[in-house]
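Asks: Sequence first, predicted model second:
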Amino acid sequence: MTATIERPPAAPTTASERIGPIRALRHGLTLAGRSILKIRKSPEGLIDVTIQPILFLVMFVYLFGGAINDGDTSGYLQLTLPGVMAMNMVFASLGTGWALNTDISKGVFDRFRSLPVARSAPLIGAVLGDIVRYLVALAVLLVFATIMGFRIQTDPLSALVAIVVVIAFALAMCWISVFLGMLIKNQQALPGVAMAFMFPLTMGSNVFVPTETMPGWLQVWVSINPVTKLADTARGLMIGGPVAGPLTATLIWMVAIVAVFFPLAMWAYRRRM
């Protein structure tokens, strides 16, 4: 006579929904450690966020900087480096959606569904875990820019605030990346769609050229572009200039992006799972 072993019933899918926000954040921080561990095991994943901004900086400073800034490449470096920091963080945020899309394709999220964790925890963990990527990317960029001749013209505290604001903005942008990563099932199509979404934000800004040199219709978009506001904030904090106005606009954009795309990301996640 063969004994039948019954498996315990799976936890109801609504259990995770009853988990409070504090516990959900703790679960997210635990899963963030998983993302950091992946970086330690595969540091080559940092190549895109470290090499690409250096290439952009060298190309624009030495190929176009003289023409844009009347032959003064050194002065152009001072103006463009804070903008490149902002642009780099926007591009770096794309990696979050790509990583989540890959995890779902490989069945990693099937394991998460069997665990008594908040439903939002895998997404929050992926976003928070990327802070390490951002810190490494900014550190490499600033060291290289210093070798090129960039100098902070304010004070170390202001420069630190600029770094914090840039990273916080990247965390907000991550929710756009997460939304796209959850919405688009074809992993090969994701980079193209994400770039089509992010490219107007980065290149349609004042990262590389002053707003007043652009056509009138383009100035309208550039003047309200969140990347422009972030670049102006970083410039003011690192090389001097207005800070209060651009910083306020940047914070408003960050709140708006999270308010819109966090719910959309969760909706797309539930729909995907």
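Replies: Arrived safely.

Asks: Once you drop chain neighbours, what's closest to L57?
Replies: V84 (5.2 Å; C-beta to C-beta, 6 or more residues apart in numbering). No exception for glycine: its C-beta is placed from N, CA and C like everyone else's.

Asks: same thing with I131?
Replies: Using C-beta to C-beta, 6+ apart, the closest residue to I131 is I167 (6.5 Å).

Asks: ok, now which ones touch the one you found?
Replies: By C-beta atoms under 8 Å, 6 or more residues apart in numbering, I167 lies in contact with M89, I131, Y134, L135, L138.

Asks: Tell me which residues are up against the helix or strand containing the third one.
Replies: When secondary structure is defined by DSSP states H and E, Y134 falls within helix 131-148. Residues lying outside helix 131-148 but in contact with it, judged by C-beta under 8 Å, 6+ apart, are 35-36, 39, 45-46, 49-50, 53-54, 57-58, 61, 77, 81, 84-85, 88-89, 92, 95, 150, 163, 166-167, 170-171.

Asks: Pop out the phi and psi values for A256.
Replies: phi -60, psi -40 (degrees, to the nearest 10).

Asks: With F60 as the reference, measure out to it.
Replies: 29 Å (C-beta to C-beta, to the nearest Å).

Asks: sorry, back to before: name the nearest of the contacts of I167 relative to M214.
Replies: M89 (22.7 Å; C-beta to C-beta).

Asks: Let me know the helix or strand that that closest one is in.
Replies: helix 73-105.

Asks: Also S177?
Replies: Going by DSSP H and E, S177 is in helix 156-183.

Asks: In whatever helix or strand comes next after that helix, which residues are buried?
Replies: Later in the chain than helix 156-183, the nearest helix or strand by DSSP H and E is helix 190-203. For helix 190-203, a neighbour-count test (16 or more other C-beta atoms under 10 Å) marks L190, A194, M198, L201, T202 as buried.

Asks: Look up the closest residue to the third one, ignoring the ones flanking it.
Replies: What it means is M198. V90 (5.8 Å).

Asks: Tell me how far V227 lies from G204.
Replies: 8 Å.

Asks: again, but for F56
Replies: For F56, the distance to G204 - C-beta to C-beta - is 15 Å.

Asks: quick one: buried residues of stretch 245-260?
Replies: Those would be P246, L247, A249, T250, L251, W253, M254, I257, V258, for stretch 245-260 by 16+ other C-beta under 10 Å.

Asks: Sort out for me which of those are in helices.
Replies: P246, L247, A249, T250, L251, W253, M254, I257, V258 (DSSP state H).

Asks: thinking again about what came up before, what's the separation between the residue nearest to L57 and L37?
Replies: 29 Å.

Asks: Same question for G125.
Replies: 11 Å.

Asks: which of these two has more neighbours?
Replies: Counted by other C-beta atoms under 10 Å, G125 and L37 do not tie: G125 has more neighbours, with 25 against 11.

Asks: And stretch 193-212, end to end?
Replies: Separation of the first and last residues of stretch 193-212 by C-alpha to C-alpha, to the nearest Å is 30 Å.

Asks: which residues sit against it?
Replies: With C-beta under 8 Å, 6+ apart as the criterion, stretch 193-212 contacts 60, 64, 68, 80, 83-84, 86-87, 90-91, 94, 97-98, 176-177, 180, 184, 218-219, 221-223, 225-228, 231-232.

Asks: now stretch 153-160
Replies: Identification of contacts with stretch 153-160 by C-beta under 8 Å, 6+ apart yields Q78, I152, L237, M238, I239, G240.
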